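S.K.: any chance you could fold what I've pasted below:
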Amino acid sequence: MRTMKLGAWLFGVATVWMTVVPDAFARESVDFVLSPAAIADVSIQESDPRLQGPTIFSVVVKVSDAEAKRLSVLTRDNVDRELRILWDGQVLFTPIIRETVPNGRLEIPRPTREAAEALARRLRGAGGSSPRE
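M.R.: You can find the predicted model right below:
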């Protein structure tokens, strides 16, 4: 009897896997290329220490007004697609677009403070600056 229940459960998991995973792999993506001229400001944000779970560090990139308008249209027209944020030919982050990004503010998560600082330095060296962190 246990074998049948386990077999049915495994079949159920396989069915869910087969229906969910291909959708994730088949998701269309759109590219947003960051360039030195596109960056208005770069800062580092740390998750609230009162929240449960690990601390998350994000590099916050504020793009220029012209790029903010382009990003707003791009995200408005591509909800539920991946947004590939590119820099110097590399993918920095691929979030799923859930809503329009109206303010030109991108948050790129990094696993450690050191990784966030390294990316922020790279982006600042290209034109972005921030008086604070």
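S.K.: nearest residue to the most centrally placed residue in the chain in space, please, no chain neighbours.
M.R.: With distances taken as Cα atoms, centre = their mean, P95 lies nearest the centre of the chain, 3.5 Å away. Nearest residue to P95 in three dimensions, chain neighbours excluded: L83, at 5.6 Å (Cβ to Cβ, 6 or more residues apart in numbering). All C-beta atoms are positioned from the backbone trio N, CA, C, and that covers glycine.
S.K.: the strand or helix carrying S43 pairs with which strands?
M.R.: Assigned by DSSP states H and E, S43 belongs to strand 39-46. Strand 39-46 has the following sheet partners, assigned by DSSP bridges: strand 57-63 (antiparallel).
S.K.: give me the contact list for the partner strand.
M.R.: 34, 38-47, 71, 104-113, 115-116, 119-120, 123, 128 (Cβ atoms under 8 Å, 6 or more residues apart in numbering).
S.K.: at 7 Å what do you get?
M.R.: 34, 38-46, 71, 104-110, 112-113, 116, 119-120, 123, 128 (Cβ atoms under 7 Å, 6 or more residues apart in numbering).
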